[in-house]
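Asker: Take this sequence and fold it.
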Amino acid sequence: MTSEIVAHAREQGRNLLTEIEAKAILEDAGIPTTSARLATSPDEAARIAGEIGYPAVLKVVSADIVHKSDSGGVALGLSDEAAVRAAYEQILASVAAAEPGARIDGVAVQAMARPATEVIVGVSRDPQYGPLLMFGLGGVYVEVLKDVSFRLIPITPRDAHQMVREIKSRPLLEGYRSREPASLEALEQLLLAVSNLVEAHPEIEQLDLNPVLAYRDGVLAVDARAYLSPSPPSL
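Answerer: Here you go, the predicted model:
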């Protein structure tokens, strides 16, 4: 499936995959996500939301829009069909105003996940050393404090074990006050799966899983962004 998605994007001259495509690649690699389904009308969005279950989340689907929230392209916590239909119309109107030249495929419909500790996993490519894997807590910890760990891909199980435990904010993963502890083993498996995915598909230039919700019994990638290289690189 991953190769087919990459080929389809290249045929269309796109380097940025849609969230639906990025999540399909993650699921193909065995990484749990809030699966997204495309809706091209308010009625279709309401039908999908009814099948997935409420509360629902809508996100604009466009390969021309990188930051969906900044364009008004995200609606959270929708509780019924009426709210979904209204959100669909509002998203399209907001995005058209903010990004008038963007091509819009529709809206992704997905279930809203229960809260948990947020982590971020990213992949970038260094011109000299190749793909680099990053791990850290989300929010202020990565944006301001730069509390992250790095390894070159491919990583080993020992690398994954160390990456999860060497960040300064690790105590938050282990449970703090009323915060649910995260499964460090599940985070290790996530890092290994991302490493294996990028090693198997060197055409993936950049990958951002932000946020990933870390639970006591597993992980869930809530949002994903993937960029392809302009031409297939060699490792």
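Asker: Taking the chain centroid, which residue in the chain is the extreme one?
Answerer: Arg177 (28.0 Å; C-alpha atoms, centre = their mean).
Asker: any idea of the pLDDT on that one?
Answerer: At Arg177 the predicted local confidence, pLDDT, stands at 76.
Asker: SS state for it?
Answerer: Three-state secondary structure (criterion: DSSP: H, G, I helix; E, B strand; the rest coil) places Arg177 in coil.
Asker: Look up how far Pro171 lies from it.
Answerer: Taking C-beta to C-beta, to the nearest Å as the measure, Arg177 and Pro171 are separated by 11 Å. (C-beta placed from N, C-alpha, C; glycine too.)
Asker: just to revisit the earlier point, so who does the residue farthest from the centre of the chain touch?
Answerer: The contact partners of Arg177, taken as C-beta atoms under 8 Å, 6 or more residues apart in numbering, number zero.
Asker: Past the helix or strand bottoming out on mean pLDDT in the chain, which element shows up next along the chain?
Answerer: Of the helices and strands making up the chain, the lowest-confidence element is helix 140-143, at a mean of 74, by mean pLDDT, DSSP states H and E. Note on helix 140-143: by DSSP states H and E, the next helix or strand toward the C-terminus is strand 148-152.
Asker: which helices and strands sit right next to the helix or strand following that next one?
Answerer: Secondary structure here is assigned by DSSP H and E; on that basis, the next helix or strand after strand 148-152 toward the C-terminus is helix 157-165. Packed against helix 157-165 by the contact rule (3 or more C-beta pairs under 8 Å, 6 or more residues apart in numbering; DSSP states H and E) you find strand 130-137, strand 148-152, helix 184-200.
Asker: need the ones you listed in JSON lines with distance to Thr40, can you?
Answerer: JSON lines is the format used below for the helices and strands packed on helix 157-165 (distance: least, C-beta to C-beta, whole Å):
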{"stretch": "strand 130-137", "distance to Thr40": "35"}
{"stretch": "strand 148-152", "distance to Thr40": "38"}
{"stretch": "helix 184-200", "distance to Thr40": "29"}
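Asker: To Ala46, which of those lies closest?
Answerer: Between Ala46 and the helices and strands packed on helix 157-165, the tightest spacing by C-beta to C-beta is seen for helix 184-200, at 32.7 Å.
Asker: Just the buried positions in the closest one, please.
Answerer: Using 16 or more other C-beta atoms under 10 Å as the test for burial, helix 184-200 gives 184, 186-195, 197-198.
Asker: How is the protein divided into domains?
Answerer: 35-111, 117-228 (automatic domain parsing).
Asker: Show the average pLDDT along the first one.
Answerer: This points to domain 35-111. Averaging the model's pLDDT scores along domain 35-111 yields 96.
Asker: Could you work out the end-to-end span of that domain for me?
Answerer: The first residue of domain 35-111 is 8 Å away from its last residue (C-alpha to C-alpha, to the nearest Å).
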